[in-house]
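Asker: what would the 3D arrangement of this be:
(chains A and B)
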Amino acid sequence: MSANNQTTKKKPYGAAILMGLVSAVLYSVLLMNQDIANRYSGLGGLYAFLPILIAFLFSYIHGSFTGHFWTLLGVEASKKKKEVK
Amino acid sequence: MPDIVQQASNFIDLDAAQLIYLFLVGFVGGLVSGFIGSGGAFVLTPGMMSLGVPGLVAVASNMCHKFPKALVGSLKRAKYGQVDVKLGVVLGISAEAGVLYGAHIQESIKKTFGDAGSNLYVSVAFVVILAVVGGFVLKDAWKTYKDGNSNEEEKVTKLARWVQSVNIPGTMVYFKALNARISVLFTIPLGFATGMLAATIAVGGFIGVPAMIYVLGAPSLMASATELVIAFVMGLGGSFKYAMHGLVDIRLAMVILAGSLFGIQLGAMGTTYVKPFMIKVVMGVIMVIVLFSRGLMVPVYLGQLGLIQPLEAMTVKILKNTSFMIMIFALGLGAFIVLRAMWQGRRAEQRAAQEAFEHANG
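Answerer: This is a model prediction of the structure:
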């Protein structure tokens, strides 16, 4: 047993794979439909909500994936509780 | 507005090499932003323009990647107790006003003096603000290091103590980052200046973070984390404004976001391993190097405006490329310092855990 094994927290394999897949699908759809994306992004007016909503959606899905990705690689925040004062 | 329509219809074709380039610059920019609360944008906008993206579309798309990135970064850093949401929102709202005013000034300068005048204004703002603020931040970080105070709690400046002591009835708000009540009459101009800088050089945090540390009295870690909330508020409003004119290239924004979300998670985690003065080191180093990068371009714009003898085309090209390379170097060096500090912090922690384990098992 190594000292690094202090916490035997289960690694989030399932969540990482799921979010990674959804993220990959979202990016594939966006990049395979660039013409449509450009057409609607360029319309302006009320269509302004579209890029904003897309940005929120991607940040949630891809943000969750990237968080799990680093956890799986063993990169995590310091275990020492830092008091910010 | 035919100009805008023309720009919007000018979304470029993206090939694989460009996608990888944007992803990588996004990653490094995200890493630095996660650590110091901002940065990256000063490379991303010219970086996109170097691919042929029109200026306004580059600014709009950069902004549209900034707010979701800042959202993810601030949520991550909130887990470490580093975010003061109230301070971020209060500063963010006045920053939004600053962005609008800054954009208005930019437009007026462009109308009166043309592109060269506008570029000169941006470069002079870069040089003056980064020299004053960046020099101060770096000097402070150096002093902390030299005096061997890097392990001690950060001291609140005299100015911040005075700001916290002023009581203006009806305007006082408690902020947890400061552990004090201060008048919003102090936060409004600081937020406004942050927004104006964001509209001018794309990185409001170069004023926002030092202002929170030195004028309001926030600890470095909380200031840099709270800046992410300001960036979210400012970026969301700004993105919507640009999107209303059809200027956001959502593909560019999302590809940069793909890289920057990897980076921002790492940068945010990095803050839990380092001493607070490292925030000032990274920020100061980047600011001072970028200052030289923009300073190189000043003679080019002065020449274009006819204020000095115009430079030869070859000289302009060399200066432009050197300036861009220095910017990339600044961002790369910032990222290197963050990763190195994080690596050392992790190793020290692992060693301590190993020793504790061996000690316990005699």
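
Asker: tell me who's in contact with residue B:27.
Answerer: Residue B:27 makes contact with B:259, B:260, B:262, B:263 under the criterion CB atoms under 8 Å, 6 or more residues apart in numbering or on different chains. Any C-beta I mention is one placed from the backbone N, CA and C, and that applies to glycine too.

Asker: other SSEs contacting the lowest-mean-pLDDT helix or strand in chain A?
Answerer: Scoring the helices and strands of chain A by mean pLDDT, DSSP states H and E places helix A:34-41 at the bottom, with a mean of 91. Other helices and strands packing on helix A:34-41, by 3 or more CB pairs under 8 Å, 6 or more residues apart in numbering or on different chains; DSSP states H and E, are helix A:49-72, helix B:250-270.

Asker: got the angle for it vs helix A:49-72?
Answerer: Between the direction of helix A:34-41 and that of helix A:49-72, the angle (axes from the mean of the first three to the mean of the last three CA atoms, to 10 degrees) works out to 120 degrees.

Asker: before we move on, back to that, any chance of TSV for the helices and strands packed on helix A:34-41, columns distance to residue A:79, mean pLDDT and mean neighbour count?
Answerer: Compiled in TSV, these are given as follows (distance: least, CB to CB, whole Å; pLDDT from 0 to 100; neighbours: other CB atoms under 10 Å in any protein chain shown):
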stretch	distance to residue A:79	mean pLDDT	mean neighbour count
helix A:49-72	13	97	20
helix B:250-270	12	96	27
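
Asker: make CSV out of those and add distance to residue B:291.
Answerer: Putting these into CSV (distance: least, CB to CB, whole Å) gives the following:
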stretch, distance to residue B:291
helix A:49-72, 31
helix B:250-270, 22
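
Asker: mind checking which of those is nearest residue B:11?
Answerer: When the helices and strands packed on helix A:34-41 are compared by CB to CB, helix B:250-270 sits nearest residue B:11, at 7.5 Å.

Asker: what helices or strands is the closest one leaning on?
Answerer: When contacts are defined as 3+ CB pairs under 8 Å, 6+ apart, helix B:250-270 sits against helix A:13-32, helix A:34-41, helix A:49-72, helix B:16-36, helix B:55-79, helix B:313-360.

Asker: most neighbours per residue, which of the ones you listed?
Answerer: The densest packing among these, expressed as mean neighbour count by mean count of other CB atoms under 10 Å in any protein chain shown, is seen in helix B:55-79 with a mean of 25.

Asker: do any residues in that helix lie close to chain A?
Answerer: Yes: judged by CB under 8 Å from any CB of the partner chain, helix B:55-79 comes into contact with chain A at B:64, B:65, B:67, B:68, B:69, B:71, B:72, B:75, B:76, B:79.

Asker: tell me the pLDDT at residue B:7?
Answerer: Turning to residue B:7, the model gives it a pLDDT of 49.

Asker: an error on my part: the question was meant for residue B:34.
Answerer: Note on residue B:34: pLDDT of 94.

Asker: what's the answer for residue B:362, then?
Answerer: For residue B:362, pLDDT reads 67.

Asker: swap in residue A:84?
Answerer: pLDDT, residue A:84: 53.

Asker: cool, and residue B:183?
Answerer: Per-residue pLDDT puts residue B:183 at 97.

Asker: now swap in residue A:3 and tell me
Answerer: Here the pLDDT value assigned to residue A:3 is 46.

Asker: in contact with residue B:51, which residues?
Answerer: Contact criterion CB under 8 Å, 6+ apart gives B:12, B:18, B:21, B:22 as the residues in contact with residue B:51.

Asker: and chain A, which of those residues contact it?
Answerer: Near chain A, judged by CB under 8 Å from any CB, there are no entries from the contacts of residue B:51.

Asker: would you format the helices and strands packed on helix B:250-270 as CSV with distance to residue B:166 included?
Answerer: Formatted as CSV, the entries for these read as follows, by distance: least, CB to CB, whole Å:
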stretch, distance to residue B:166
helix A:13-32, 48
helix A:34-41, 47
helix A:49-72, 39
helix B:16-36, 28
helix B:55-79, 28
helix B:313-360, 35
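
Asker: who wins for proximity to residue B:159 among the ones you listed?
Answerer: When these are ranked by proximity to residue B:159, the top entry is helix B:16-36, at 21.2 Å, counting by CB to CB.

Asker: who's in contact with whichever residue of the stretch 1-150 of chain B sits closest to chain A?
Answerer: Closest to chain A within the stretch 1-150 of chain B is residue B:68: 3.2 Å, counting by CB to the nearest CB. Contact analysis of residue B:68 by CB under 8 Å, 6+ apart lists A:55, A:56, A:58, A:59, A:63, B:257, B:261.

Asker: switch the cut-off to 7 Å
Answerer: Under the criterion of CB atoms under 7 Å, 6 or more residues apart in numbering or on different chains, the contact list for residue B:68 reads A:55, A:56, A:58, A:59, B:257.

Asker: got it, and residue B:233?
Answerer: Remark: with contacts taken as CB under 7 Å, 6+ apart, residue B:233 is in contact with B:89, B:92, B:93, B:95, B:96.

Asker: restricted to helices, list those residues.
Answerer: With helices defined by DSSP state H, the entries of these inside them are B:89, B:92, B:93, B:95, B:96.
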